[in-house]
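Student: show me the folded form of this:
(4 chains)
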Protein chains: 2
Amino acid sequence: MSRRPTIRDVAREAAVSTVTVSRVANAPELVKPATRERVEAAMRRLGYLPNAAAQSMRTNVSRTIGFLVPDLTNYPNAAVAKAAEATLAAAGYAMLLTDSDHDAAREARFLRLLRSRQVDGILLYLSDEDDPAVQATIEDLDIPLVVLDRSLPFGVDTVFSEHRAAMRQTVLHLAAEGHRELALLLPDLRIRPVRERAAAFVEAVRAAGLEPERQSVVHAEPLAGGPSAIGRLLAAEARPSALLIDGTRLLAAAFEALRQQGLVGRVRPIAIDVVEPLAAAMPEVVGIARDFAAIGRQAAQLMIDRLSGALSGPPRRITLASRAVLAEQAALPGACLGR
Amino acid sequence: MSRRPTIRDVAREAAVSTVTVSRVANAPELVKPATRERVEAAMRRLGYLPNAAAQSMRTNVSRTIGFLVPDLTNYPNAAVAKAAEATLAAAGYAMLLTDSDHDAAREARFLRLLRSRQVDGILLYLSDEDDPAVQATIEDLDIPLVVLDRSLPFGVDTVFSEHRAAMRQTVLHLAAEGHRELALLLPDLRIRPVRERAAAFVEAVRAAGLEPERQSVVHAEPLAGGPSAIGRLLAAEARPSALLIDGTRLLAAAFEALRQQGLVGRVRPIAIDVVEPLAAAMPEVVGIARDFAAIGRQAAQLMIDRLSGALSGPPRRITLASRAVLAEQAALPGACLGR
DNA sequence: TTGTACGCGTTATCAC
DNA sequence: GTGATAACGCGTACAA
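Tutor: Numbering: from 1, shown residues only, chains lettered A, B, ... in the order given. Purely as a prediction, here's the structure:
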């Protein structure tokens, strides 16, 4: 395992200067075909690969994008990351992925780390859009940034999801089915989608003419206090007849609570942003879905356009729709899930 | 947005040489405290961050690890990647993530790309362990490689999962419950876990004394032909009474087929390697589980030890267990899933 | 069409 | 304890 071949080795092998080798790689049209072939043959013979670190140093461009997510095992994060990676790779960019595990301190640290690693831009899923330290770090960034579905108090390129219409549709649908008590179960996070959904729920409940004091919005930790908060909700005398649940983890917690209290089939579960294979397995449960691949593609494309200069000027804000997909209650197995 | 400060700017600001600045960053104990503080102050004032590309060029070390997965939206991939990233980050390594989307050609390409990006090592989930081009690319690699649960015809550091014991246990359990016709549903991939499970199933069926010709192993594309292959299986006259299903996607396809044929509740579904929140939502379905976080940690640690020199010598093979977790059939809602 | 010369930001080496 | 200097691999003026 000897030293890896450099541009100089190739130059020697092909009996040209390093400049010519560099040109064969970066601007082949400037090199006479015969010379080019000689150089390419030498490259193949030696197994030459350009040294990205050296290129990056020389050009001040790494063709690498950082992506920071709160939790990669959360399906939306993974799906968006996957689509973004594919789009970036097609444009010649690699993706440096970091997972903050919902820790704002780690987020600030990773942002600096990515910066120090010379990434050309950052795609960002924040776990707390209010955190001042993180906000300050972001504002200090001197590279393009694309934020995913967060509201920040300054202008940034952002890919938003529209959450309100689908929520409204879902609530109206449930009201039309005769549900009089609804509950919305949300993770306890300070992020835009949670806030939008809560606000839209309250509005929609009013629009549907449901008694406001019999509807509830519960913020729960999916893992820690989640199940018990849900348990309390279900034990209340004005128990909801339908439960809108945000995310796969809370959905699992909700099922557990329903099972424990023998309420399966008596409370209709409606899932928001649920992992796709699960949605396929239990379509009767899905309420609101998003096209995560499209989100990832758009975010990556926005980044690519910023870096290529195809897009310049003030922060761009893209909004993608959510979809309400509700089966008829009549067609539901409802009573049959769990125990 | 002016030029980013370099080590020279800091040196000037602190009235020392660049060497001293470098030492403050890399070997602070060699610098007199007073000097060190002056330098650190200058760093903070200027917002200095070392240029990773320059470091990498000088030292030939990037402190970056590549991770290639077949599909990031597949829960096991994401969970392993997350744990690996956390372990690597704690050791000062960043993770360059690529997704081959189950395309062997892309795998070979990404391996070269990672190499060209000067990653110090590669963690590898292969989508086809038999592909000769990929195998050749791997053997050519001159950096540490940790393979995840694949059998390759040459020695490599590998983190395996043990699949057989749990499969055997599960089959015996089902036989004891009275099931006489079993079917195992696997993705159509040439990878070790699929082969191990198939082999263990055949063995276990024999050990349980079940009639071999009434048991089946079906390889199905999760998306394309999957549902129809499952449909045929269920339409056969010797229809299985229990279905062991590998992976979340096939599980979804299986539910769809069961629903279509009105067999929900008459065929017991048993899931292998299923996404965790789904397992929490439908515990009655889970059959075999693995600790993906442990897998990711072990793989990352193996890599770190290779790079630090803590581990040297012949390829290391680590094997982690699977867990059979079967609820009693009597306690199952069985008859109640889907419609 | 090709080559010479230099510098990107950092660290290893060796001298002081 | 600190500094001068060279070198890492590459791309780019500029010259030929």
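
Student: pLDDT weak spots in the stretch 201-339 of chain A?
Tutor: A:222-227, A:327-339 (pLDDT under 70).

Student: strands along that one, start to end?
Tutor: Per DSSP state E, counting those that start in this stretch, the stretch 201-339 of chain A carries strands over the ranges A:216-220, A:242-246, A:268-272, A:286-290, A:317-320, A:322-324.

Student: check which helices and strands the fifth one sits against.
Tutor: Contacting strand A:317-320 under the criterion 3 or more Cβ pairs under 8 Å, 6 or more residues apart in numbering or on different chains; DSSP states H and E are the following elements: strand A:157-161, helix A:292-308. Any C-beta I mention is one placed from the backbone N, CA and C, and that applies to glycine too.

Student: touching, A:L186 and A:R249? I think so.
Tutor: No: with contact defined as Cβ atoms under 8 Å, A:L186 does not count as touching A:R249 (11.5 Å).

Student: nearest spatial neighbour of the spatially most central residue of chain A, chain-adjacent residues omitted?
Tutor: Geometric centre of chain A, nearest residue: A:N77, 3.9 Å, by Cα atoms, centre = their mean. Of all residues not flanking A:N77 in the chain, A:V69 sits nearest, at 4.3 Å (Cβ to Cβ, 6 or more residues apart in numbering or on different chains).

Student: partners of the one you found in the sheet?
Tutor: On the basis of DSSP bridges, A:V69 is bridged to A:D99.

Student: leaving aside the residues adjacent along the chain, what's closest to the residue in the stretch 151-300 of chain A that DNA strand D sits nearest to?
Tutor: Of all residues in the stretch 151-300 of chain A, A:A300 sits closest to DNA strand D, at 23.5 Å by Cβ to the nearest atom of the strand. Distances taken as Cβ to Cβ, 6+ apart put A:T87 closest to A:A300, at 3.6 Å, once the chain neighbours are dropped.

Student: pull the residues that contact the host helix or strand of that neighbour.
Tutor: Element membership for A:T87 (DSSP states H and E) is helix A:75-90. Helix A:75-90 is contacted by residues A:65, A:67, A:69-72, A:94-95, A:97, A:123, A:125, A:148, A:248, A:273-276, A:290, A:292-297, A:299-301, A:303-304, B:71-73, B:75, B:78, B:97-99, B:101, B:110, B:275 when judged by Cβ atoms under 8 Å, 6 or more residues apart in numbering or on different chains.

Student: just the buried positions in it, please.
Tutor: A:75-89 (16 or more other Cβ atoms under 10 Å in any protein chain shown).

Student: now A:D188. Nearest residue, chain neighbours left out?
Tutor: A:H219 is the one closest to A:D188 (Cβ to Cβ, 6+ apart), at 4.3 Å.

Student: nearest to DNA strand C, of the buried residues of helix A:75-90?
Tutor: A:L88 (24.4 Å).

Student: nearest spatial neighbour of that closest one, chain-adjacent residues omitted?
Tutor: Looking at A:L88 with Cβ to Cβ, 6+ apart, the closest residue is A:A300, at 5.0 Å.

Student: and the gap between the one you found and A:Q55?
Tutor: Computed as Cβ to Cβ, to the nearest Å, the A:A300 to A:Q55 distance reads 21 Å.

Student: repeat for A:L263
Tutor: A:L263 is 61 Å from A:Q55, by Cβ to Cβ.

Student: neighbour count for those two, which is higher?
Tutor: More neighbours surround A:Q55 than the other of A:L263 and A:Q55, with 20 against 17 (other Cβ atoms under 10 Å in any protein chain shown).

Student: the more buried one is in what secondary structure piece?
Tutor: helix A:52-59.

Student: touching that helix from outside, list them.
Tutor: A:61-63, A:118, B:51, B:53-54, B:56-57, B:62, B:116-118.

Student: so which of the residues you listed reach DNA strand C?
Tutor: Taking Cβ under 7 Å from any atom of the strand as the test, DNA strand C is in contact with B:51, B:54, B:57 out of those.

Student: run a quick neighbour tally on the second one.
Tutor: So that's B:A54. B:A54 has 16 nearby residues by other Cβ under 10 Å.

Student: before we move on, what about the one 3 residues further on?
Tutor: When neighbours are counted by other Cβ under 10 Å, B:M57 registers 20.

Student: how much space between the nearest residue to it once chain neighbours are set aside and B:V10?
Tutor: Closest residue in space to B:M57, ignoring its immediate chain neighbours: A:A53 at 4.6 Å, by Cβ to Cβ, 6+ apart. To B:V10, A:A53 is 21 Å away according to Cβ to Cβ.

Student: any part of stretch A:114-127 near chain B?
Tutor: Yes: for stretch A:114-127 and chain B, the contact criterion (Cβ under 8 Å from any Cβ of the partner chain) is met by A:115-118.

Student: restricted to helices, list those.
Tutor: Among the residues of stretch A:114-127 next to chain B, the residues falling in helices (DSSP state H) are A:115-116.

Student: in JSON lines, list the residues of stretch A:114-127 next to chain B along with neighbour count and pLDDT.
Tutor: As requested, the residues of stretch A:114-127 next to chain B are arranged in JSON lines below (neighbours: other Cβ atoms under 10 Å in any protein chain shown; pLDDT from 0 to 100):
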{"residue": "A:R115", "neighbour count": "20", "pLDDT": "92"}
{"residue": "A:S116", "neighbour count": "15", "pLDDT": "92"}
{"residue": "A:R117", "neighbour count": "25", "pLDDT": "94"}
{"residue": "A:Q118", "neighbour count": "24", "pLDDT": "93"}
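
Student: let me know the helix or strand that A:A25 is in.
Tutor: Using DSSP H and E, A:A25 falls in helix A:18-26.

Student: so which bits of that helix are buried?
Tutor: Those buried within helix A:18-26 under the rule 16+ other Cβ under 10 Å are A:20-25.

Student: which among those gets closest to DNA strand C?
Tutor: A:T20 (3.7 Å).

Student: check the offset of the helix holding A:Q55 from the chain's centre.
Tutor: The chain centre lies 30 Å from the centre of helix A:52-59; the measure is Cα atoms, centre = their mean, to the nearest Å.

Student: mind checking if that helix is in reach of DNA strand D?
Tutor: Yes: Helix A:52-59 lies within reach of DNA strand D by Cβ under 7 Å from any atom of the strand, at A:54-55, A:57-59.

Student: surely A:S17 and A:A11 touch.
Tutor: Yes: here A:S17 reaches A:A11: they are 5.8 Å apart, a contact under Cβ under 8 Å.

Student: good, wrapping up.
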